[in-house]
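> for reference, the sequence and a predicted model appear below.
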Amino acid sequence: MDLSLLAFGSGWGDALARGLLVTLALAAASVVLGTALGLGGALVATSRRRTAARLVGGYEVVMRSLPELLVIFAVYYGFSFALQALLAPFGVDGFVAIDAFWAGVLAIGMVHGAYCSEVFRGAFAAVPAGPLEAAAALGLRPLPTFVTVKLPLALRFALPGLMNLVVVTLKATPLVAAVGLEDLLRVAGDAGKNTKHYLTFYLAALAVYLVLAAAIWLVEGRIERRASKFLGA
């Protein structure tokens with residue numbers, strides 16, 4: 001192994017760092033979108049609106065059933081062909097590419113949201129009735145009760161599952177390279193192809209992913225301890 005290939009300036013360190021930033025940004029944006037979709041989906045699924053709940057259930061089944069790579073292709077090429085059709089009357093001919101990063105955020109976020117919805121539903125069901133009854137006895141309306149009582153308690157139950165999904169989403173980010181995104185693993189592959197030192201770059205990428213996953217688990221443990229202390233449990 002030639003570690004000098006990983007150096008900044010003379011080696012591939014700069015390109016790998018840029019790829020890492022793309023990976024982190026993609027994972028973070030996908031998690032934010034997916035968590036919002038999951039929370040909204042869980043609220044709809046547990047509401048009395050049966051039609052909307054069935055639609056959410058269908059979305060979850062579809063997203064959990066399809067390979068993530070296929071979802072990425074569907075979003076990327078689907079939006080590209082839609083734009084092509086919209087712009088054709090204005091004389092725009094040929095394939096219209098959309099930004100691979102945002103296509104990846106939407107695709108991975110949609111898949112992440114389907115799993116988050118299931119986690120949130122389980123967390124809401126695990127919230128004990130006592131605090132909710134106490135809030136009702138104090139005259140709190142449904143929205144303040146949800147924001148100040150039910151949601152904080154549910155987040156504590158949901159935290160392990162949500163953090164696990166963060167790691168899963170992080171591992172899914174290299175799939176977006178299939179539509180041209182220069183993420184960490186894509187850059188590592190290109191570096192290996194150019195230098196013929198595949199093992200060096202793939203081991204470096206492996207180490208980075210392990211460090212990121214370990215950091216996520218450490219953050220989870222710290223948040224869980226603080227939440228337990230704050231909630232008095």
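Good, I have the coordinates. Residues are numbered from 1 along each chain as shown.
> can you tell me the SS state at the residue lying closest to Ala42 once chain neighbours are set aside?
Distance criterion Cβ to Cβ, 6 or more residues apart in numbering; nearest residue to Ala42, sequence neighbours excluded, is Phe120 at 3.5 Å. Where C-beta positions appear, they are placed from N, C-alpha and C, glycine not excepted. With DSSP: H, G, I helix; E, B strand; the rest coil as the basis, Phe120 sits in helix.
> ok, the residue most central in space within the chain - contacts?
Per Cα atoms, centre = their mean, the C-alpha nearest to the average position across the chain is that of Val31, at 3.0 Å. Counting by Cβ atoms under 8 Å, 6 or more residues apart in numbering, Val31 touches 109, 112, 165-166, 169.
> who wins for neighbours among those?
The residue in these with the most neighbours, by other Cβ atoms under 10 Å, is His112 (29 neighbours).
> isn't that one right up against Ala36?
No - His112 is beyond contact range of Ala36, at 10.0 Å (criterion: Cβ atoms under 8 Å).
> which residues of this structure score low on pLDDT?
92, 94-95, 228-233 (pLDDT under 70).
> ok, and the closest non-adjacent residue to Pro128?
Nearest to Pro128 is Leu153, by Cβ to Cβ, 6+ apart, at 7.6 Å.
> the one you found against Ala134, yeah?
No - contact between Leu153 and Ala134 fails when scored by Cβ under 8 Å: they sit 11.9 Å apart.
> show me what the one helix or strand the residue nearest to Pro128 maps to is packed against.
For Leu153, the host element (DSSP states H and E) is helix 151-172. If contacts are counted by 3 or more Cβ pairs under 8 Å, 6 or more residues apart in numbering; DSSP states H and E, helix 151-172 sits against helix 13-45, helix 100-126, helix 198-231.
> what are the buried residues along the helix or strand just after it?
Downstream of helix 151-172, the next assigned helix or strand under DSSP H and E is helix 184-195. For helix 184-195, burial by neighbour count (16 or more other Cβ atoms under 10 Å) applies to 184-192.
> same question for stretch 151-162.
Buried residues in stretch 151-162 (16+ other Cβ under 10 Å): 151, 153-159, 162.
> having no further points to raise, I will conclude here.
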